[in-house]
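[1] model the structure of this input:
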Amino acid sequence: MTHLSGRIRRQFDRSAAGLYDQNAAVQRYMTAQLARLIRDELQPSPHSRLARIPADHLPVLEIGCGTGLLTERLAALLPSGGEMTAADLSPDMLEAAKNRLGARSGQSDRGSGAPRESSAPAPASPESPDNRPDSVRFLQADIEKWAADAPASSYGLIASSACFQWFTRPAQTLLHLHRLLKPGGKLMFATFGPATFTELHRSFDKAYRSMEVPPQRHGLSFHSGDEWTDMLRQAGFGEIPTTRLVRTEYFPNVALFLKSVKALGASTTNALQVPGVSPRRLFGSMFEHYEKDFGTQGRIPVTYELLLIRAT
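    Numbering: from 1, shown residues only. Predicted structure coming up:
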């Protein structure tokens, strides 16, 4: 595990105990949009209103399952006997996902640093109680390392929501994921685009410039839809339709917005402290610019750019 992945794991471990779900409005929306996209790709059963994942797109691998927001939706789409693996870097997130599905934790090898897998019966879909998957397996692993050694042609569908932005080697990882797919398999994921947190970045830029120092990026840098398309083509994918959505959330003030980001485990930054510029002064200036330039009616907007990508 790299230093960065270890730091990310610790952040999400801290967020798993309720804080993530309490602050995950955008992630829930993103998950719902992705689940609808996946469902619309399927052939509906003639005897049910609910689509099922066809046999040639099984088993399913979910990357970065988190607290199980997408996991429970995918489990409801599995046919009887369908198999699915839900993977995450954080063991505490995996426990939260198991609890969401009402699953009993399986045995886990917490003493080793190797990927760990457990399985438990998944709950029946309330819309089709007698057509449930036999099991959902949970895997703790750094997916960027794990995918490099996993057997080829193992999955018919690989899905992920709000995870791919954390990849440190996205082009290489996409190459591995392409290898993991069966012929005709699909990779479907939702991630954040570069317009996310536009107001925050502009406010930081103004704060730095007011102090006559070069601006630094705070938070993750997100790839554009075109950049993801180029990397997917280089990985061997052919058809790559992309949907771009823009969503605005509102917060009473900047402090509560940043508190929400931290609660989601997403406060990682590569920005370095500038000599002679105290963090208190920098953030105070950023708060002032944010609320002056963007605040309205006692609240501040936060822009999210969401990318929904399908690749075959």
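[2] could you find the closest non-adjacent residue to the residue most central in space within the chain?
    With distances taken as CA atoms, centre = their mean, the residue of the chain nearest its centroid is residue 162 (1.9 Å). With CB to CB, 6 or more residues apart in numbering as the measure, residue 27 is the residue that lies nearest to residue 162, at 5.0 Å, once sequence neighbours are left out. C-beta here means a position set from N, CA and C on the backbone, and glycine is covered the same way.
[3] wait, doesn't the residue nearest to the centre of the chain sit right on residue 30?
    Yes. Judged on CB atoms under 8 Å, residue 162 makes contact with residue 30 at a distance of 5.7 Å.
[4] now for those two: what residues contact both?
    The overlap between the contact sets of residue 162 and residue 30 (CB atoms under 8 Å, 6 or more residues apart in numbering) consists of residue 190.
[5] quick check: residue 95 vs residue 64, distance?
    Separation of residue 95 from residue 64 (CB to CB, to the nearest Å): 15 Å.
[6] please read the previous query as pertaining to residue 183.
    According to CB to CB, residue 183 and residue 64 sit 25 Å apart.
[7] the two: who's more crowded?
    Higher neighbour count among residue 183 and residue 64: residue 64, with 24 against 8, using other CB atoms under 10 Å.
[8] contacting residues for the more buried one?
    So residue 64 contacts 87, 88, 89, 143, 160, 161, 162, 163, 164, 166 (CB under 8 Å, 6+ apart).
[9] turn those into TSV, columns for secondary structure and pLDDT.
    Formatted as TSV, these follow (DSSP: H, G, I helix; E, B strand; the rest coil; pLDDT from 0 to 100):
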residue	secondary structure	pLDDT
87	strand	97
88	strand	96
89	coil	93
143	helix	96
160	strand	98
161	strand	97
162	coil	94
163	coil	95
164	helix	97
166	helix	92
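[10] go through those and name the one nearest residue 210.
    For those, the minimum distance to residue 210 (CB to CB) is 31.5 Å, reached by residue 166.
[11] how far away is that closest one from residue 209?
    According to CB to CB, residue 166 and residue 209 sit 29 Å apart.
[12] out of those two, which sits in the busier spot?
    Taking other CB under 10 Å, residue 166 and residue 209 do not tie; residue 166 has more neighbours (20 against 13).
[13] and which of the contacts of residue 64 is nearest to residue 296?
    residue 162 (27.4 Å).
[14] which ones are touching that closest one?
    Taking CB under 8 Å, 6+ apart as the contact definition, residue 162 lies against 27, 30, 31, 64, 66, 190, 191, 192.
[15] sec struct for the fifth one, please.
    So the one you mean is residue 66. At residue 66, secondary structure determined by DSSP: H, G, I helix; E, B strand; the rest coil is coil.
[16] that one against residue 30, yeah?
    No. Applying CB under 8 Å, one finds residue 66 not in contact with residue 30, separated by 11.2 Å.
[17] so these two - more neighbours on which side?
    Comparing residue 66 with residue 30 by other CB under 10 Å, the one with more neighbours is residue 66, at 31 against 24.
[18] setting aside sequence neighbours, what's the nearest residue to that one?
    In space, residue 66 comes closest to residue 93 once its chain neighbours are excluded; the distance is 5.2 Å by CB to CB, 6+ apart.
[19] got the CA coordinates for the helix or strand in which that neighbour is found in CSV?
    Applying DSSP states H and E as the criterion places residue 93 in helix 91-100. Extracted in CSV, the C-alpha atoms of helix 91-100 (Å, rounded to 0.1, in the frame of the first residue of the first chain):
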residue,chain,number,x,y,z
PRO,A,91,-12.3,-2.2,5.8
ASP,A,92,-14.7,0.1,7.8
MET,A,93,-16.5,1.1,4.6
LEU,A,94,-16.9,-2.6,3.7
GLU,A,95,-18.5,-3.2,7.1
ALA,A,96,-20.9,-0.3,6.5
ALA,A,97,-21.8,-1.8,3.1
LYS,A,98,-22.4,-5.2,4.6
ASN,A,99,-24.6,-3.7,7.2
ARG,A,100,-26.5,-1.8,4.6
